[in-house]
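[1] only geometry, no sequence info:
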């Protein structure tokens, strides 16, 4: 923690609920940002005051906080009985010569036993303390995670993301919190680099990575224009789930429009269409590939199927017109160009002027 909640409110650990409430009200009035417009110090300090009150006014959270930050490990006192006995023994007069060997052996044995007992005690304290530390961290992380889920359900996305971050502050390998925060960063902050980092951490700490995590990280990489890495993530996604058509579609789009490899792209479009026969975008993409390979009749058939499912895409009419022109079907091509222009496809204007007597 960067600050002590009790120090922030100016109260003792033994303060009552009324004392805590009174201290909060007094400080809130003094440091409220509305009274100090534009001064970052008051805004940040007010956040600390508000957070401190939220924790200390809630019995459950206060109990967790006290156990986490004020628990003390128990050490063996320096003046232990063993130490005293050792000191007292050493102060006695030397035993008679004929008994010295026996006394020395007894002394060494007692010392050895004392060290063994002390070592076992210290080890026990360390093990128990470590177990308690990790248990409390896990418990607290789950509390924050559940609060984040509730906030997300109420569409309070930014507060939910903050709760997921708090959960990760207590348990750095909390995979579900990384995934939840990553999705919110993508959808509502458009923070694709941050989301990419979250999905990467989720994959790092997952014992058995989920195909969705690879898919979402791949989408972030597409937004970041890191297409080769994105393609690797989509391939990894399909290795874990060979029936996930969305990953095949992204692979085909990258191969088609980024790397200009229509033959490879057609194979992935085929898989998309097999899994989802109603995917108009996949039919258009495959038609575009056939056009790049000068297989115009197949291009037209695929684009026809795409347009029959979605007539709102002006570019689809434009590309169908290109294949029709390649087959010398000028009349039908001009009809498509007119429709493309009506649907605000600016690419169609030059062709319309050149081939349609406009």
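    Now that the structure is in, tell me what you want to look at. Here the structure is a predicted model, which is why all the values come from computation and not from measurement. Numbering: from 1, shown residues only.

[2] Just give me the neighbour total for residue 225.
    9 (other CB atoms under 10 Å). C-beta coordinates here come from the backbone N, C-alpha and C atoms, glycine included.

[3] Specify the local secondary structure of it.
    Three-state call for residue 225 (DSSP: H, G, I helix; E, B strand; the rest coil): coil.

[4] Now it: phi and psi?
    With angles defined as degrees, to the nearest 10, residue 225 sits at phi 60, psi 30.

[5] again, but for residue 329
    According to degrees, to the nearest 10, residue 329 has phi -100, psi 70.

[6] Against residue 307, how distant is it?
    16 Å (CB to CB, to the nearest Å).

[7] Of these two, which one has the most company?
    residue 307 (20 against 16).

[8] How about that one, nearest residue that isn't a chain neighbour?
    Nearest residue to residue 307, sequence neighbours excluded (CB to CB, 6 or more residues apart in numbering): residue 316, at 5.4 Å.

[9] Mind pulling up the pLDDT for that neighbour?
    Reported pLDDT at residue 316 in the predicted model: 97.

[10] so how far is residue 211 from the residue most central in space within the chain?
    The residue lying closest to the centre of the chain (CA atoms, centre = their mean) is residue 178, at 2.5 Å. Going from residue 178 to residue 211 by CB to CB gives 16 Å.

[11] hmm, back to that, pull the contacting residues for the residue nearest to the centre of the chain.
    164, 168, 198, 199, 201, 202, 205 (CB atoms under 8 Å, 6 or more residues apart in numbering).

[12] would you list those residues in a markdown table and tack on distance to residue 271 and secondary structure?
    A markdown table is the format used below for these (distance: CB to CB, whole Å; DSSP: H, G, I helix; E, B strand; the rest coil):
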| residue | distance to residue 271 | secondary structure |
| --- | --- | --- |
| 164 | 34 | helix |
| 168 | 36 | helix |
| 198 | 29 | helix |
| 199 | 24 | helix |
| 201 | 30 | helix |
| 202 | 26 | helix |
| 205 | 31 | helix |
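
[13] Buried among the residues you listed? Make that a ChimeraX selection.
    Per 16 or more other CB atoms under 10 Å, the buried members of the contacts of residue 178 correspond to this ChimeraX selection:
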select :164,168,198,199,201,202
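
[14] Let me know the closest of the contacts of residue 178 to residue 230.
    residue 199 (11.9 Å; CB to CB).

[15] if you skip the residues just before and after it, what's nearest to residue 345?
    Using CB to CB, 6+ apart, the closest residue to residue 345 is residue 314 (3.3 Å).

[16] Go ahead and confirm the one you found touches residue 338.
    No: the criterion here is CB atoms under 8 Å, and residue 314 misses it with residue 338 at 10.7 Å.

[17] Not counting its neighbours along the chain, what's nearest the residue nearest to the centre of the chain?
    Nearest one to residue 178, counting by CB to CB, 6+ apart, is residue 202 at 4.0 Å.

[18] For the one you found, give me its contacts.
    Contacts of residue 202 by CB under 8 Å, 6+ apart are 175, 178, 179, 182, 209, 213.

[19] and with 10 Å instead?
    By CB atoms under 10 Å, 6 or more residues apart in numbering, the residues touching residue 202 are 173-182, 209-210, 212-214, 216-217.

[20] Tell me which entries of these lie within helices.
    175-182, 212-214, 216-217 (DSSP state H).

[21] just the buried members of those residues?
    Going by neighbour count (16+ other CB under 10 Å), the ones in helices among the contacts of residue 202 have 175, 177, 178, 179, 180, 181, 182, 212, 213, 214, 216, 217 buried.

[22] Farthest-apart pair in those, please.
    Most distant of those, by CB to CB, are 177 and 214, 18.1 Å apart.

[23] Please pull out the lowest mean pLDDT helix or strand from this protein.
    Every helix and strand in the chain was compared by mean pLDDT, DSSP states H and E; the lowest is helix 81-91, with a mean of 41.

[24] now the next helix or strand after that one: how far from the chain's centre is it?
    Using DSSP states H and E, the helix or strand that follows helix 81-91 in sequence is helix 100-153. Put simply, helix 100-153 sits 32 Å off its chain's centre (CA atoms, centre = their mean, to the nearest Å).

[25] I'd like the distance between residue 303 and residue 320.
    Taken as CB to CB, the span from residue 303 to residue 320 is 4 Å.

[26] anything in contact with each of the two?
    284, 287, 291, 336.

[27] residues contacting the first one?
    With contacts defined as CB under 10 Å, 6+ apart, residue 284 is in contact with 269, 299, 302-303, 305-307, 309-310, 313, 315-316, 319-320.
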